[in-house]
Every structure is written in structure tokens, then in C-alpha cells.
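Chemist: what follows is a predicted structure for the sequence shown.
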Amino acid sequence: MNLKQHTIKEAVSVSGKGLHTGEEVTITLKPANTNAGIVFQRIDLENKPLIPALVENVTDTSRSTVIEKDGGRVGTIEHLMAAFAGLQIDNILIEINGPEVPILDGSAWPFVELLEKAEVIEQNALRNFFEIPEAVHFKNEEKNIELAALPLDDYRLTVMVDFNSKVLNSQHAQLHDLSLFKEHISPCRTFVFVHELEFLAKNGLIKGGDLNNAVVISESELTQEKVDTLGALLNKKVEATGKVGIINDEPLKFTNEPARHKLLDLMGDLLLVGRPLKAHILAARPGHASNVELAKLIQKQITAASKSAPSFDANAEPVFNVTEIAKLLPHRYPFQLVDKIMTLDGTTVVGIKNITMNEPQFTGHFPENPVMPGVLQIESIAQTGGVLVLTSTGEPEKYWPYLVGIDNCRFYKNVLPGDSLVMRCSLLAPIRLGVAKMHGEAWVGKNLVCSVDMTARLVKKSQ
């Protein structure tokens, strides 16, 4: 998987009909800055609302994934989102002049080609992975649906579908390498059974549906009357009298194309977590509703992790060791107070400070009761945050980092020689005009020992 964030080099557009609304819509994909995320914008509405592609903005999953915010609503986003997931695109703005993403051929392939035309480029910021700490499950016993996200230092998906159909047997699909997404998953089209078409049409849906953007499956021989009805629903002449099974002229792209398309939908829906995942996703009979429920459960894990002690692999190579930190920060003995950086992305950093009795402050603080001064705890947190802020510039050697504000500082427990201080700093807002607002914490084991809100300013060095 990519370690750095990615966007596209230039803007590209495509037009087509929405599957359910039938409206002609144009989307324009535009580059976005690091940590911007995936954001839709309804440019046809007066206030041009921005709708971040996040699970908390999902309002409907009955027939597609729909997001909504500030009066802006966008539906059928899953195929486009799957293309972003498959190509590992983190930051992009999608301008759209209607309520639904074009269905095109019913797969993610046209969006992949569009993104490659725009050229996917690397950005100077690490991706903010969330590694599933423990298994999370979603189950709907009534519909016999079960999904799980299991811990894994990689990203894999395995899907099983069973349609309870006489003509479509149980199928499996898997993706264990994201580089295979384009060829093996993205071309797989959405599918629908003939008996579902009448229900959808009666409910004012599939106004843009036809045999060019969906695999249509019949479980019984089609009479001429049924063919005529089907042709009216799809607004196209259907030559399928007597057919059973796939009635499209074009054969399936893969024998398990429906299962692969379900995997495609799952990838797109799970991107709504807002962070790239490290996990093995297992899904039995998934759909948009269950996909989103799993995403919500993962989001709960993310929220819980942000409030608990930072976790890291003590055996892993640090992002920066003490020598490399000295190349970033100007501090030297006795004020170099970060020993290593364990994790770093565009918004969060985790650093380690090992406390020893040999440090000069313990000579006087206090001779009979060595306690790490609170001001040095704050300084350690600030230096950890300084690594985050300096690396965000792409040119850390050109700036001085200054701590200019401290708010809401609390100390909860003494820090003693022998303790390992684990510090986590997170941006409270994007860095603007060289000013960074952060929340910092210091932990010893599972105990929070210090928390503080800080403001830092980057000042360019004189030439």
C-alpha cells in the first residue's frame, strides 16, 4: 500500500445519467491539498454546499449510498468511491451539478480511466492509516448478513454472496493486492434481477437504467409480454424472449462478476471511514446498509483509540530516531526531549521520551524525590508536535518552530525516572499561514499524565 497521500495532477470531467434519477449530470474531479480528504460539492445549488464523504453524512442506503450535508445531497457514490479506494487516492474535490453520480457502465472502470487520465500523484504527507486493533463484527440475523474487520498489517477483502437464486449460484471474490483492483475488480458491473426491476420502477427509481449499465438476470423464461414490459422499463428494445439467466447481449466479464461487484461496493462504502484501513474485511451477503454499519463500528474504534493511550509496535523501526530528530528540530542537550517518533501522518504524531535518573533536572527537582517538571513534559509534547508541523512544510530545514500559546493544561500523575513518556499531538485544524493549533497528550502506560492545547508558529529562517 502507498505510504504517502495521493491526489490527481489536473482536473478532469465526465458526464452521464444518474441510475435512479435519470438526470444528465457532470462531475469534475479536482486536485486537493494534503489531509483534505474526499469531498463532494453541489455546484448547482445556491450555497454550493460541501459534503465530505464520511460515514456520519450517510442518509440513505436503500438502493445506493447517499450522503448529505447543509442541504446538499449526492447519491450513488459507491462506484466512484471504489475507484478512489482502489487507486489509493486520499484527497480530491468532486464538483457535481446534480443529485447523483453518473452510472456510466455500472462499474468503477470509467472512473479509474478518468483518474489515470488526470494522473495520480504523490503528496508530501504520510497516509493516516487505521489498523484494526481487535476484531469488529456486524450481523443481521434476519437477512443472514455478516461482516467482520480483523486485525492485519495490510488491506484485504473477501466476499461471499448467495442470492437464493436458481440461476445464480453462491459466489466468492477476494482482493489481496490493491494493484489488482483495476483489472480484476473495477470492470465489474452492478446487477439486478428482472423481478426487482418492476418494484424499482414503480418506486420512481432506475430512470437511467438500461442494459448498458447493469447486468440483468432472469430466473424464468421471459414471455413476449414480459419482454415488452422489460423494454418499457429500460426504455430500450430487449431481444430476450425465452431467455433464462443473463439477458444482456454482452456476457459476464468474470464468472463471479456479481460477487466481485459486491466487493467493489464494499471498498467504496468502507472508504467513508475517512482513513485508509489496515484490516482483513470478511463479508457474507453484504449490501450498502451493512457496509455502512461496519464502517460505523470501525469509526467507533477510531474514536475510542483517540481517547486511549497511543498504541505502537515497540519492535518497529521508528519513523525518526534521535539522530534524525536532531536534523529536524534545533534543540540540543540538555533540551532535546524526544528520543524517537513512532508514527507520523498529516494530522497526528506519536513520540517517545525515556526518562532516566541521569538527566540534569533531577539534581534539583527534587533531590530526595525525583519528579519530571511539568514544564518539561509540556516541552516534550511541544517538540513532538514540532516534528508534525515542520514535516508538513516539506522543507523543515527552512523554518524555526516557536511555541506561542498554551491553553487548558492539566497534570494528572507524576512522571518518574524509569518511565517511558508516550506523547501524541493532533492538529485541531489545518495549518494556516504558518500557525498550527494542536492538542497534545503524554501517557505513561495506560495512564494519562498531561494534556495541553498548544499554538505553534513557523517562522522562515533568514537567508
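Modeler: Happy to help now that I have it.
Chemist: assumed Phe254 was part of a helix.
Modeler: No - using DSSP: H, G, I helix; E, B strand; the rest coil, the secondary structure at Phe254 is coil, not a helix.
Chemist: who's in contact with Ile67?
Modeler: Neighbouring residues of Ile67 by C-beta atoms under 8 Å, 6 or more residues apart in numbering: 40, 51-54, 57-59, 73-74, 77, 272. For glycine as for every other residue, the C-beta is placed from the backbone atoms N, C-alpha and C.
Chemist: helix or strand right after the helix or strand hosting Ser426?
Modeler: Element membership for Ser426 (DSSP states H and E) is strand 420-427. Toward the C-terminal end, the helix or strand that comes next after strand 420-427 (DSSP H and E) is strand 435-444.
Chemist: packing partners for that following strand?
Modeler: helix 374-391, strand 420-427, strand 447-460 (3 or more C-beta pairs under 8 Å, 6 or more residues apart in numbering; DSSP states H and E).
Chemist: make JSON lines out of the ones you listed and add distance to Arg332, mean pLDDT and mean neighbour count.
Modeler: Formatted as JSON lines, those follow (distance: least, C-beta to C-beta, whole Å; pLDDT from 0 to 100; neighbours: other C-beta atoms under 10 Å):
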{"stretch": "helix 374-391", "distance to Arg332": "12", "mean pLDDT": "96", "mean neighbour count": "23"}
{"stretch": "strand 420-427", "distance to Arg332": "19", "mean pLDDT": "96", "mean neighbour count": "22"}
{"stretch": "strand 447-460", "distance to Arg332": "19", "mean pLDDT": "97", "mean neighbour count": "18"}
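Chemist: can I get the ones you listed in CSV with distance to Trp109?
Modeler: Shown next, in CSV, are those (distance: least, C-beta to C-beta, whole Å):
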stretch, distance to Trp109
helix 374-391, 36
strand 420-427, 36
strand 447-460, 43
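Chemist: out of those, flag the one nearest Tyr399.
Modeler: strand 447-460 (4.5 Å; C-beta to C-beta).
Chemist: neighbouring strands for the closest one, and are they parallel or not?
Modeler: strand 399-411 (antiparallel), strand 435-444 (antiparallel) (DSSP bridges).
Chemist: what angle do helix 374-391 and that strand make with each other?
Modeler: Here strand 447-460 points in a direction 50 degrees away from that of helix 374-391 (axes from the mean of the first three to the mean of the last three C-alpha atoms, to 10 degrees).
Chemist: how far does strand 447-460 sit from its chain's centre?
Modeler: Distance of strand 447-460 from the chain centroid (C-alpha atoms, centre = their mean, to the nearest Å) equals 26 Å.
Chemist: what count of nearby residues applies to the residue lying closest to Ala382 once chain neighbours are set aside?
Modeler: Leaving aside its sequence neighbours, Ala382 sits nearest to Leu403 (C-beta to C-beta, 6 or more residues apart in numbering; 4.9 Å). The tally of other residues near Leu403 (other C-beta atoms under 10 Å) stands at 16.
Chemist: I'd say Leu403 and Met454 touch.
Modeler: Yes - Leu403 is in contact with Met454 according to C-beta atoms under 8 Å; the separation is 6.2 Å.
Chemist: got any residues that touch both of those two?
Modeler: Residues touching both Leu403 and Met454 (C-beta under 8 Å, 6+ apart) are Ala382.
Chemist: what about the helices in the stretch 51-200 of the chain?
Modeler: 78-86, 109-118, 181-184, 194-202 (DSSP state H, counting those that start in this stretch).
Chemist: tell me what Arg6 is bridged to.
Modeler: For residue 6 the amino acid is His, not Arg. Glu122.
Chemist: distance-wise, check it relative to Asn33.
Modeler: 12 Å (C-beta to C-beta, to the nearest Å).
Chemist: intersection of neighbour lists for these two?
Modeler: In contact with both His6 and Asn33: Asn91, using C-beta under 8 Å, 6+ apart.
Chemist: tell me which of the two has more neighbours.
Modeler: His6 (20 against 14).
Chemist: and that one, how far from Ile121?
Modeler: Distance from His6 to Ile121, by C-beta to C-beta: 6 Å.
Chemist: which stretches of the stretch 151-300 of the chain have low pLDDT?
Modeler: 198, 201-202, 204-206, 211, 223, 230-231, 233-244 (pLDDT under 70).
Chemist: go ahead and confirm Ser170 touches Asn164.
Modeler: No - Ser170 is beyond contact range of Asn164, at 9.5 Å (criterion: C-beta under 8 Å).
Chemist: where do the domain boundaries of the chain fall?
Modeler: Annotated domains of the chain cover 4-186+257-307, 191-246, 322-460 [automatic domain parsing].
Chemist: comparing the ones you listed, which comes out most buried?
Modeler: domain 4-186+257-307 (a mean of 19; mean count of other C-beta atoms under 10 Å).
Chemist: endpoints of it, how far apart?
Modeler: Domain 4-186+257-307 stretches 25 Å from its first residue to its last (C-alpha to C-alpha, to the nearest Å).
Chemist: one more: stretch 95-115?
Modeler: Distance across stretch 95-115, first residue to last, is 14 Å (C-alpha to C-alpha).
Chemist: ditto for stretch 17-25
Modeler: Distance between the two ends of stretch 17-25: 6 Å, counting by C-alpha to C-alpha.
Chemist: from the middle of its chain, how far away would that stretch be?
Modeler: Centroid separation between stretch 17-25 and its chain, computed with C-alpha atoms, centre = their mean, is 26 Å.
Chemist: of the strands paired with strand 447-460, which is nearest Asn140?
Modeler: strand 435-444 (37.2 Å).
Chemist: on that earlier part again, so which of the helices of the stretch 51-200 of the chain is nearest Thr65?
Modeler: Per C-beta to C-beta, nearest to Thr65 of the helices of the stretch 51-200 of the chain: helix 78-86, 4.7 Å.
Chemist: show me what the closest one is packed up against.
Modeler: Partner elements for helix 78-86 (3+ C-beta pairs under 8 Å, 6+ apart): helix 109-118, helix 181-184, helix 257-270.
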